[in-house]
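J.: when you get a sec, could you give me coordinates for this:
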Amino acid sequence: MCRVDEDNLKSLRRSTRLTISIPIIIWGVDADGNNFSENVHTLVVNRHGGRIATTHRLSMNTEILVENRALGVVVKASVVWLGEMDYAGDLHPVGLQLFEAQNVWGITFPPDDWGPNPGEDMPPAPTPL
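T.: The predicted structure is shown next:
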């Protein structure tokens with residue numbers, strides 16, 4: 001079995017992770033086919049997504065909406081990781097990947113690697129007249 005240590009894992013990540021609790025609302029369809037909406041808090045965030053804990057059982061690749069009411073922003077995300085249920089409150093840890101990498105979390109001073117890469121998320125250059 002190949003074991004990836006924490007330092008190697010950090011080098012594979014696309015952007016720095018921040019451990020922070022941000023109130024958000026998620027909604028979508030759970031693993032049982034029921035529509036839901038839930039107020040949750042982030043556990044970890046980065047430019048590409050984050051980790052939350054929800055009372056709803058979700059499935060891999062499920063599309064959900066994430067709303068940061070403080071910013072007035074709603075974005076689409078996909079479930080990319082499912083953790084084991086938290087015994088302390090019947091919470092399901094879930095990893096989310098945003099459809100479009102961005103600072104939807106409202107981090108005022110984001111890490112340097114949260115900015116757009118050359119050619120990524122950049123409008124095309126204007127055409128000279």
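J.: strands of this protein, residue ranges please.
T.: Ranges of strands in the chain, per DSSP state E, are 18-19, 23-29, 35-46, 49-54, 63-68, 73-82, 92-98.
J.: what's the most buried one of those strands?
T.: strand 49-54 (a mean of 21; mean count of other Cβ atoms under 10 Å). In this view, the C-beta of every residue, glycine as well, is placed from N, C-alpha and C.
J.: now find how far off-centre that one is within its chain.
T.: The chain centre lies 6 Å from the centre of strand 49-54; the measure is Cα atoms, centre = their mean, to the nearest Å.
J.: give the contact list for residue 103.
T.: Listed by Cβ atoms under 8 Å, 6 or more residues apart in numbering, the contact set of residue 103 reads 47, 110, 114.
J.: how close does the last one sit to residue 63?
T.: Counting by Cβ to Cβ, to the nearest Å, the gap from residue 114 to residue 63 is 23 Å.
J.: the first one too?
T.: With distances taken as Cβ to Cβ, residue 47 is found 19 Å from residue 63.
J.: of the strands of the chain, which is nearest residue 105?
T.: strand 35-46 (4.7 Å; Cβ to Cβ).
J.: what's the neighbour count on residue 104?
T.: Using other Cβ atoms under 10 Å, residue 104 has 22 neighbouring residues.
J.: returning to that earlier point: turn the strands of the chain into a markdown table, including mean pLDDT and distance to residue 106.
T.: Putting these into a markdown table (pLDDT from 0 to 100; distance: least, Cβ to Cβ, whole Å) gives the following:
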| stretch | mean pLDDT | distance to residue 106 |
| --- | --- | --- |
| strand 18-19 | 93 | 12 |
| strand 23-29 | 97 | 10 |
| strand 35-46 | 97 | 10 |
| strand 49-54 | 96 | 12 |
| strand 63-68 | 97 | 6 |
| strand 73-82 | 96 | 8 |
| strand 92-98 | 95 | 14 |
